Each structure stands twice: as structure tokens, then as C-alpha cells.
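**Q** fold the stuff below for me.
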Amino acid sequence: MGEFVGIDPSGAEPLMHRMSISKDILGRTRPGLETAIAEAGASWTGPQGVAAMHRSWAFFDDTQRDLKWRIDTLKQMVPGAGNGLLSVFFTFDNEAEAVRQGKADARPIIEALKQHEVENSVKSWRKVAAAIAAIKEKLDDPAYAASLLAALGPDKFRTLFMQWMKDKGPAAMDKGLPPALLQQGRESLGPLAEAYANAERAGRLGEEWRKFVEETDPGVLTTLVAMSKPSSTLLNHVALRVLGRPLAADAPTSPNWNLNILVEAYDANPQALQTLLAENKDAAGWLLHPGRFMQTGVPGLEQRMANVLDKALNPSSGDAATRERAWVNIINGVGADGSPWLGGQWIQSTIFPKPGGSPISRVLAKNVTPYLDQLARVQAKESSPKLKQLYPSTPWDKLSPDVASRFMGALMQDKSAASTLLDAWHKYTVGMDIGRFHPFDGDEKMRAGFVIQSALSSGAANMLLDGSAHAEWSDDEYADWLSGVMLMPVDWLSNKYWPIDDASAATARDRGQDDLKDKMKKMITDYFDGKTPETAKSVADKIITLQQSWVIESLRQHRQAPLTDTDQDMVEKAFRGRLFGALTDALERRGG
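**A** Take a look at the predicted model:
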């Protein structure tokens, strides 16, 4: 048993940083000073000379290295302890002893492996397992773990896992192992997996391990993950190795347990998934390709993946800036041109039917709603490029409006997700309280406020209208949805600008709005059913005209001040200027 150690990392780590600075200063000063002392020769008056300077640098270096070893070991032995003093009995007295023992303990493993490669028997493997078991109580020391791995080397380390996995099925190396087999293997190989994870977490793996992840079969890598507690860095490296494979490599000839293992690891560390999605622009598209999780052959995986995404993407998860970058990459991945989420080739596949919709769509819809304002700004920027106050902030400013619309369309393949998005848009528009601003006010700021707010509301509506054309709904369902979206401008105009105190009169007005919605819906369904020779553009034009006429007639019936020519132009722009194009495109995509 080594010494009892107590250290507060929050104080020790800044001290180590200052020692690094001191070493750097000494290192830069030393050559010039050595030259000056050599030139001075016997006339040098300094009492200690170069040796004192070398001793000072060595003292900082030795102390820093020893302190780092202690902190690394403490963090391994007391994981997740938070801030403050950490104390524990160390396995070794110093780093040098840990390194020597790691190297020594590798020899029996190497010899047992060599014998097993010749005999290939249950008995010879038991000797390998016994040699590995001997290291189990020493792994908390990362210097020991790194020394052990250095002595084994990547090739022998990999071979140990491959020797055990080779009789676990033809797809084990490629597609990983089920939980029951992993539990069996953990008894013999678990200590090696922990040694690798601990040494990697402490940053102590040598250069020879740099290519280990790229050169090792994905099934072996996920086995390592499943048998240890990997750092976020290691977990994400393995994930990229697994997810970056062509989809054809994961064809459903046998269950693909690799993704199952990743989902379980990210369930324990959702922040790692958030980081992966934020830092790698391709990861979201790879992970969320419908074929990726539909053809794994692992029951319930899609729902568990949805649960993990919920942990990683909910508005209270992790760092806000990281989460937003993750969302931009997700939207780009799911909403890419030619996205597999659209067109029905996966979501509505006859091979993988989805009668209940997608839990992943529902989770994404729920968690993207806090960013509806940024997405509305993406759309509004395109329609009103001169209004710079409408522009989205970083990183949303890099999104394409078409990509954002396709992303919404992908989610709308699930009707529940579509309802979530529409409800969020309603709340977003109502929450703006557009009534704070008046379109006819003499104050320029009031008029500008109305323009800005209505542009944002319409921007979100445009995005949903454009995306809704991809939704796999019946014509009647889709017509109802479209007419509900188109009714929103009528809602806020009638409620904000000619409020009615009389309850019966207000009810009559609201009933009139319902009648208006029914008329719009009939126009749309007639177009879909081919009952009218009208084009999408003429149908949209008639819907816009119908809305305008309803507003003007409603004003007259409720004895409001008549609209001037300027006011009527504003009302027309509220309907036509911001929604006409999106409605026309939605009708054309759906087809009559």
C-alpha cells in the first residue's frame, strides 16, 4: 500500500501551470546565460553558475511530474468527486514504481498470450485471463496502466481481444457483441479495457496508440467501450469510427450491436454526444440516418436512441453554445438535399413500417422549439434581406432556409411531431404580442415593430409551410393543417386591432373565422382531388383574396373604422407578401 495522499486539484493545477511557465522562462534564458558564462570564463563572478540553473529547472520538472501523477491518480480513484480536497491511499509510493510494476505485469500476459496462440485451448485462455486478473487492483494508477499498455503494445493488446472474440460469431469483429456476451468477456478482458480507458483519460498513451482506433475493427472498439468507462474523447473517437462506415456495411444480415453499445454509453454520458454532434458536421447525418437505427436488428433501439438524444439536446443540457452548434449540425444533416428522411424510402418503408411514427422525430421536434425564433430569422433574412435586425445570430446564420424547411418536413413525417411544431409556432406568434405595435400608428418605431414581429411570425410560418409539403399525411389532414396555418394572420389582426367586448359579437366573429377556415380547406382539397382546373398559384391567390375580404367585411360588420387605401395595402402584404409564395410552393409540391 502506498502513502495516504490528499490534494485539492483546484489549487494544485494552477500551481502546475505556473511551474510550466517557470520552466519555459528558464529554458529560454539558459542558452544565452550558458554562452555568457562560457565567454566570461574565470572572470565569472556568480557563485553557483550553470549547475544551479539546471537544478532549478529539474526541480520544477520533477515536482510538476510528480504532482501530475498524484492528481491523475486521485481523479481516477475518486471520479466525479467535484471540487475540494481529494484524499485516498495510493497503490504505489511514486510514479517510477508504478511504471516499473506496469512493465513487469505485462510480461506474464504476453507469455500467456504467446502460449495460447499455439495451443488455442480453454486451458491456455484461462492462463491469459489469470494474468490479466492480476492487474485488476492496480488500474487506478494511470502511470501503471500506461506502462502496462506500452509494454504490451497496440498489436498484442488488439490480439488479446480478437482471440477472445473470434469464436463469438462471424460478425463479432464487425458488428459487436450483445450484452450477455460482453458480460462474460468483462470477467477476463475487463481489466485491460479499463487500463486503456484510464491511460487515455489521463493523456498518457504513447504515439504508437495514435492510429489504434483507425486500424482496429469496430466490434473490438465497441467492446472496449462497453467494458470500461471511456472518456468523452475516446467514446467520440469510437463513435466516428463506427458511424462513418458506409450504410451498406451495416446491412441487416445479423444484429448490429455497435450502435446499441454507443447508445448505452451516451446514455451514461449525454454531454459527450452533445459534443460529438457539435464538433463533427457529419456525425448527425450518420447517426440519424433512418436506415442506421432501423436495420440494426436490435429491439427497441430507436426509442432508446430518442431518449439519449433527449438527454443531450434538451434546453437545460450542457453548454448552451455547444448545444446550439449541435442543433445546426443536426438540422444540416437531417435537412440535407436528398435527405433520406424525405420521400418515404425509409420512414414509410414497407420493409421497416413505421405506423406509430418516429420517437426520434418527436424528441427533435420537442427540443428544437426553443430555437424557433432563430429558425424564423433564417427564413425572414431571405425574404427581407435589408432588415438586418432580423438576422439570426451565430451559428444559426450559417443555415440555409431550404435546409431548415426540409428539416421541418422530415420531422413532420410524424404527425405528433408536426402538432408539436405547429403548437410551438402558435405560442411563438402569440408570445410576440404583436399588438404592442400598430401598423397604422404615426410613430415610425411602432410601425417598424409591427413589420419586424410580423416578419418573424411569417418567417416561421413559411418554414413550416415549406416543410409540410413533405409530410406523409392524407390530403384531408394536410388541407386542414394548411388552412390552420393560413388562418393565423386573421387571428392576430382580428383579435388585436378590432377587439370586441360583447361576448356574443365576439363569438359571431370567431364563428366567422371557422367558416373562413372551412372555405380555405375546401379550396385546398378540391385542388388536391383534381376537382378544379385551378393551378397552385391561382388557388393560393384565391385563398389570400378570401382572407383579405373577410378582414374588410369583419371590420364593417363590427363597426370598426374603415381601412384606408394604405391600410388595405398593409393587410394585403400581411397575407400575400409573406405567405403567398410559401403556400404556392406547398401546394405545388403536394400536387393537384
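**Q** per-residue pLDDT of the closest residue to V298 other than its chain neighbours, please?
**A** Spatial nearest neighbour of V298, chain neighbours left out: N260 (4.7 Å); criterion: CB to CB, 6 or more residues apart in numbering. Heads up, the C-betas are built off the backbone N, CA and C, glycines and all. On the pLDDT scale, N260 is placed at 95.
**Q** for N260, give its distance to P401.
**A** For N260, the distance to P401 equals 36 Å [CB to CB, to the nearest Å].
**Q** then L221?
**A** Distance, L221 to P401, by CB to CB: 39 Å.
**Q** likewise P290?
**A** Applying CB to CB, the value for P290 to P401 is 24 Å.
**Q** ditto for V128
**A** 59 Å.
**Q** what about those two, which has more around it?
**A** Shown here are V128 and P401; by other CB atoms under 10 Å, V128 has more neighbours (24 against 18).
**Q** residues in contact with the more buried one?
**A** Shown in contact with V128 (CB atoms under 8 Å, 6 or more residues apart in numbering): 109, 112-113, 116, 160, 163, 188.
**Q** point to the residue nearest the middle of the protein.
**A** L277 (3.4 Å; CA atoms, centre = their mean).
**Q** excluding its backbone neighbours, what's nearest that one?
**A** Leaving aside its sequence neighbours, L277 sits nearest to A326 (CB to CB, 6+ apart; 3.8 Å).
**Q** show me what the helix or strand containing W286 is packed up against.
**A** Using DSSP states H and E, W286 maps to helix 283-287. Judged by 3 or more CB pairs under 8 Å, 6 or more residues apart in numbering; DSSP states H and E, the packing partners of helix 283-287 are helix 232-243, helix 270-279, helix 320-334.
**Q** need the ones you listed in JSON lines (columns: mean pLDDT).
**A** JSON lines is the format used below for the helices and strands packed on helix 283-287 (pLDDT from 0 to 100):
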{"stretch": "helix 232-243", "mean pLDDT": "96"}
{"stretch": "helix 270-279", "mean pLDDT": "97"}
{"stretch": "helix 320-334", "mean pLDDT": "96"}
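**Q** now those helices as CSV including distance to R204?
**A** Output for those, formatted as CSV (distance: least, CB to CB, whole Å):
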stretch, distance to R204
helix 232-243, 13
helix 270-279, 20
helix 320-334, 26
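**Q** point out the one among those that comes closest to D140.
**A** Closest to D140 of the helices and strands packed on helix 283-287, according to CB to CB: helix 232-243, at 17.2 Å.
**Q** please save the CA atoms from the closest one in PDB.
**A** This file holds the C-alpha atoms of helix 232-243, laid out as PDB (Å, rounded to 0.1, in the frame of the first residue of the first chain):
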ATOM      1  CA  SER A 232     -15.800  11.600 -23.800                       C
ATOM      2  CA  THR A 233     -12.900  11.900 -26.200                       C
ATOM      3  CA  LEU A 234     -12.400   8.100 -26.500                       C
ATOM      4  CA  LEU A 235     -16.200   7.500 -26.800                       C
ATOM      5  CA  ASN A 236     -16.500  10.000 -29.600                       C
ATOM      6  CA  HIS A 237     -13.500   8.700 -31.500                       C
ATOM      7  CA  VAL A 238     -15.000   5.200 -31.400                       C
ATOM      8  CA  ALA A 239     -18.400   6.600 -32.400                       C
ATOM      9  CA  LEU A 240     -16.900   8.300 -35.500                       C
ATOM     10  CA  ARG A 241     -15.200   5.100 -36.400                       C
ATOM     11  CA  VAL A 242     -18.500   3.200 -36.200                       C
ATOM     12  CA  LEU A 243     -20.800   5.800 -37.700                       C
END
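**Q** I'd like to know how far Y478 sits from W425.
**A** Counting by CB to CB, the gap from Y478 to W425 is 16 Å.
**Q** what's the answer for E187, then?
**A** For E187, the distance to W425 equals 54 Å [CB to CB].
**Q** okay, those two: which has more neighbours?
**A** Per other CB under 10 Å, whichever of E187 and W425 has more neighbours is W425, with 20 against 12.
**Q** so what's that one closest to, chain neighbours aside?
**A** In space, and not counting its chain neighbours, W425 is closest to A460: 5.1 Å by CB to CB, 6+ apart.
**Q** please consider this matter closed, and thank you.
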